[in-house]
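[1] return a 3D structure for these sequence lines:
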Amino acid sequence: GVADSNSEESQIIQLHDLKPPDINQNPVILDSGSTGFWFSESLEEQFALAWKKLTRTELDVYEERKYTVDELESLPTILIQLSPHDRSKSIDQHQPGLAGHDRLDPVNTKSVVVALSPAHYMRFIKERDTHASQLRFEMPENSKQILGAYLFAGHQIHFDIQNERIGFAESDCDSWSLGNPYFNHTPHEGTDPPPPPRPPTPVHEDALD
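    Predicted structure coming up:
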């Protein structure tokens with residue numbers, strides 16, 4: 001889904017016309033070695049329509065332009081909904097970070113919802129004083145959908161190898177003040193982003209497949 005970050009009453013547009021087999025036809029991986037986000041081409045058309053409705057602009061993930069702070073903060077927050085692990089289905093569906101919280105999804109109430117604020121998916125290019133999107137709707141060479149290192153900013157992510165599940169929680173560390181969503185990755189010269197705003201939606205620890 002795509003949420004309006006610039007409204008007192010958040011407007012959420014769900015991509016209803018997408019079918020799970022189409023979305024999940026390519027495996028999804030969390031990759032700290034990549035910085036951006038690569039999604040299936042099947043998402044692009046519906047995402048672009050939602051983007052235009054919220055921003056009144058055409059989606060151009062390759063555009064590089066100057067933004068004011070207010071313009072950046074007004075860009076939509078992207079909500080990614082992930083299937084819960086079977087062992088996590090006893091958790092209270094009203095916990096923040098789950099789809100049942102605020103009735104985000106009344107059917108799949110225990111799905112995990114991870115929020116990508118503009119600070120997650122917009123990269124600052126210092127040498128030109130511009131920003132560029134880190135969203136891509138195309139498959140890389142490994143044919144996997146990738147949630148990259150920018151997702152890790154503001155989150156604690158636990159890889160439970162033994163039980164084959166991944167846990168998400170809102171991070172306690174003040175990583176945003178470092179001005180570097182790469183965390184322990186060394187950014188290329190001229191790409192250090194300025195301190196971005198914190199993600200607007202808390203993420204409750206939960207596990208998923």
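[2] switch to C-alpha atoms for all contacts and neighbour counts from now on
    Fine.
[3] strand partners of the strand or helix carrying residue 159, parallel vs antiparallel please.
    Residue 159 is located in strand 155-160, with elements delineated by DSSP states H and E. If you go by DSSP bridges, strand 155-160 pairs up with strand 165-170 (antiparallel).
[4] just the terminal-to-terminal distance for stretch 147-157.
    End-to-end distance for stretch 147-157: 12 Å, by C-alpha to C-alpha, to the nearest Å.
[5] next, the buried residues of that stretch.
    Using 16 or more other C-alpha atoms under 10 Å as the test for burial, stretch 147-157 gives 147-157.
[6] point out where this protein drops to low pLDDT.
    Segments of the chain classed as low confidence (criterion: pLDDT under 70) are 1-10, 16-22, 87-89, 96, 140-142, 172-209.
[7] how about a cut-off of 50?
    Scanning the chain for pLDDT under 50 picks out the ranges 176-209.
[8] helices of that one, start to end?
    20-23, 44-55, 69-73, 118-121 (DSSP state H).
[9] how far out from the middle of the chain is the longest one?
    Relative to its parent chain, helix 44-55 has a centroid offset of 15 Å by C-alpha atoms, centre = their mean, to the nearest Å.
[10] what pairs with the residue nearest to the spatial centre of the chain across the strands?
    Residue closest to the average C-alpha location in the chain (C-alpha atoms, centre = their mean): residue 116, at 3.1 Å. Beta-bridge pairing for residue 116 (DSSP bridges): residue 78.
[11] which one of the buried residues of stretch 147-157 is nearest residue 84?
    Of all the buried residues of stretch 147-157, residue 84 sits closest to residue 157, with 14.6 Å by C-alpha to C-alpha.
[12] skipping adjacent residues, who's closest to that closest one in space?
    Closest residue in space to residue 157, ignoring its immediate chain neighbours: residue 168 at 4.8 Å, by C-alpha to C-alpha, 6 or more residues apart in numbering.
[13] residues near that neighbour, how many?
    Residue 168 has 21 neighbours, counted by other C-alpha atoms under 10 Å.
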